[in-house]
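Q: Fold the following, please.
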Amino acid sequence: MNEQPQNRTAEEIQEDFTEVVRVRREKLQNLIDAGKNPYEITKFDIDSNSKKIVDGFDENQVQTVKIAGRIVSRRIMGKASFCHILDNEGTIQIYVRKDMVGDETYADFKSWDIGDIVGLSGEVFRTHMGEISVKAQEITLLSKSLLPLPEKFHGLKDNDLRYRQRYVDLIANPEVKRTFVMRSQIIKCVREFLDNRGFIEVDTPILNTIAGGATARPFITHHNTLDIDMYMRIAPELYLKRLIVGGFEKVYEMGRLFRNEGMDTRHNPEFTTVELYQAYVDFHEMMDIVEKMFCYIADKVLGTRKVVYGDVTLDLDKWEKLTMIEAVKKYTGVDFSEMDDAQAIKAAKDLGAPCDSKKQSWGYALYEVFDQLVEEHLVQPTFIYDYPVEVSPLAKKSVKDPRLTERFEFFITAREMGNAFSELNDPIDQKERFTAQVKQREKGDDEAQMMDDDFVTALEYGMPPTGGLGIGIDRMIMLFTNQSSIRDVLLFPTMKPIKK
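A: Residues are numbered from 1 along each chain as shown. Below you'll find the predicted structure:
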């Protein structure tokens, strides 16, 4: 579409759009009437693409290719015309001459529109302007575009529309496609890294009878045959640890989780994580895995461990390690180590991070101060460990301080990227913590965990000392692709439907 004058009304622009659509549908009908319905074509064999053609061009060799793609620009002239087509690897110029493709085909070509998908065969050459191009010998319309693409020089800039119509976004904004190609590469690297360390990838249920393994509000559905409510999984943790009980020593699962919570630049109701568990190690081994995994991905995908994110350069060779108490003291000046419940609750309130009235304890107070006042400072790679028991119902207690657990989260760009424990394997302690979580639910905390008697039974058979780790894949991809919103790394983020 041509750029519209700034003083045009929305009604005038809509009228022009409607007319363009009408004309395109009329062209389609004309093709059908002439026995040239493009939608009846079922295949077109290709043997090259835009990148291969450019990379493999040789002035001294005749090269004939068959390619296909979407028309994204064109210059229609008398007996010879140019267009650019977009394929999986980029764009390439096509030269179409009347005396080469024939009068009828050339006349058809001149009536085709930007957005139409074509297939062609021809000879590769370099134009007088130095552009490597394909001189069409045959060209065929493979699919008719009935809606116009966004204006060439401005693309699709409305973020809401970009997310709703990702298919148009990918056509209009080539850099978007690169992000999702990198997403695929990063996910492949995660699997490679874990597979090379002897981990086995498994699948566990997405529909659960208990929402367990994390502190989160679940999506609830109903199974008609069993006549029971079920929950979309909020974490695979409890199933994966059952496998450790059963004799697997290294397992992982990558997949979607579903949490019925808020939406912002860091949160989408469905998202991807990887969780992994290894027998006979503790959370320190999980720290080692995190560092090595992120460096492995950086080396493979970026070729450097200096990662640019916004206006900050992150160094994946340098990770700071702080206990939560140390981090709070470093960034607020307040030392919670020797406080009792009342002192900690007052300190949190004085710092401007008061505890929820239903969560009044030393551990909750420490965590709220960290969450509200410290996390925003953790830009460079940082491990925060020794979390309070109250917010870590599945982690083993610290032998140094029973108020704390052997748990860490790691932060980059002031975002929590992952969570790890020395896993709790004491069935009696686990049942007591589930019971405490149930009491929180009874007080109105719909994110607290439910009692999982079968998981307690599994622990009663004996689970070895185990390290566990969960990493948010989408946030990882945001980091490596330099994106500030989770919606820019999800092909189809959750959107509120538009009322018509």
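
Q: for the stretch 201-350 of the chain, what spans make up the helices?
A: With DSSP state H, counting those that start in this stretch as the criterion, the stretch 201-350 of the chain has helices at 237-245, 283-297, 324-332, 341-350.

Q: Tell me which of those helices is the most buried.
A: Across the helices of the stretch 201-350 of the chain, averaging neighbours per residue (mean count of other CB atoms under 10 Å) puts helix 237-245 on top, at a mean of 21. The C-beta positions use only the backbone N, C-alpha and C, and glycine is treated the same way.

Q: So what's the gap between it and the chain middle?
A: 25 Å (CA atoms, centre = their mean, to the nearest Å).

Q: now stretch 352-361
A: 33 Å.

Q: What of stretch 203-212?
A: On CA atoms, centre = their mean, the centre of stretch 203-212 falls 22 Å from the chain's centre.

Q: Would you mind listing the buried residues in that stretch?
A: 204, 208, 210-212 (16 or more other CB atoms under 10 Å).

Q: Cross those against strands and list the overlap.
A: When those are checked against strands (DSSP state E), the matches are residue 208.

Q: now for the buried residues of stretch 203-212, which pair is the farthest apart?
A: 204 and 211 (13.9 Å; CB to CB).

Q: between these two, what contacts are shared?
A: residue 233 (CB atoms under 8 Å, 6 or more residues apart in numbering).

Q: Any regions of the stretch 101-250 of the chain where pLDDT drops low?
A: Applying pLDDT under 70 to the stretch 101-250 of the chain picks out residues 152-155.

Q: Go again with 50.
A: Across the stretch 101-250 of the chain, the ranges flagged by pLDDT under 50 are 153.

Q: Okay, strands next: where are they in it?
A: For the stretch 101-250 of the chain, strands defined by DSSP state E, counting those that start in this stretch occupy the ranges 117-126, 132-143, 200-201, 207-208, 220-223, 228-232, 250-258.

Q: got these as CSV, with distance to residue 313 columns?
A: Listed next are those as CSV, based on distance: least, CB to CB, whole Å:
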stretch, distance to residue 313
strand 117-126, 40
strand 132-143, 36
strand 200-201, 33
strand 207-208, 42
strand 220-223, 44
strand 228-232, 38
strand 250-258, 28
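
Q: Among the ones you listed, which comes closest to residue 105?
A: Nearest of those (CB to CB): strand 132-143, 6.4 Å.

Q: dump the residue contacts of residue 119.
A: Applying CB under 8 Å, 6+ apart to residue 119 gives the contacts 44, 46, 66-68, 139-140, 142.

Q: Kindly report the same for residue 455.
A: 212, 238, 241-242, 430.

Q: Could you rerun that using 6 Å?
A: residue 238 (CB atoms under 6 Å, 6 or more residues apart in numbering).

Q: and it, that's in a helix?
A: Yes - counting by DSSP: H, G, I helix; E, B strand; the rest coil, residue 455 is located in a helix.

Q: hmm, back to that, quick one: which of the strands of the stretch 101-250 of the chain is nearest residue 190?
A: Of all the strands of the stretch 101-250 of the chain, strand 250-258 comes closest under CB to CB, at 6.8 Å.

Q: Looking at the strands of the stretch 101-250 of the chain, which is nearest to residue 24?
A: strand 132-143 (12.2 Å).

Q: contacting residues around that closest one?
A: 38, 41, 44, 54, 57, 93-96, 100-101, 112, 117-127.

Q: can you check stretch 309-328 too?
A: 291, 294-295, 298, 305-307, 336-337, 369-370, 374, 381-387, 413, 482.

Q: cutoff 7 Å now
A: 291, 294-295, 298, 305-307, 330, 334, 336-337, 366, 369-370, 374, 379-387, 412-413, 479, 482, 484 (CB atoms under 7 Å, 6 or more residues apart in numbering).

Q: which stretches of the stretch 51-200 of the chain form helices?
A: Under DSSP H, counting those that start in this stretch, the stretch 51-200 of the chain gives helices at 98-101, 103-111, 159-164, 166-172, 174-196.

Q: Go through those and pick out the most buried.
A: helix 166-172 (a mean of 18).

Q: Residue 279 is in contact with residue 464, correct?
A: Yes - assessed by CB atoms under 7 Å, residue 464 is found in contact with residue 279 at 4.5 Å.

Q: of the two, who's got more company?
A: More neighbours surround residue 279 than the other of residue 464 and residue 279, with 18 against 14 (other CB atoms under 10 Å).

Q: and that one, how far is that from residue 196?
A: Relative to residue 196, residue 279 is positioned 18 Å away (CB to CB, to the nearest Å).

Q: picking that back up, quick check on the contacts of strand 132-143: which are buried?
A: 38, 54, 93-96, 100-101, 112, 117-122, 124.
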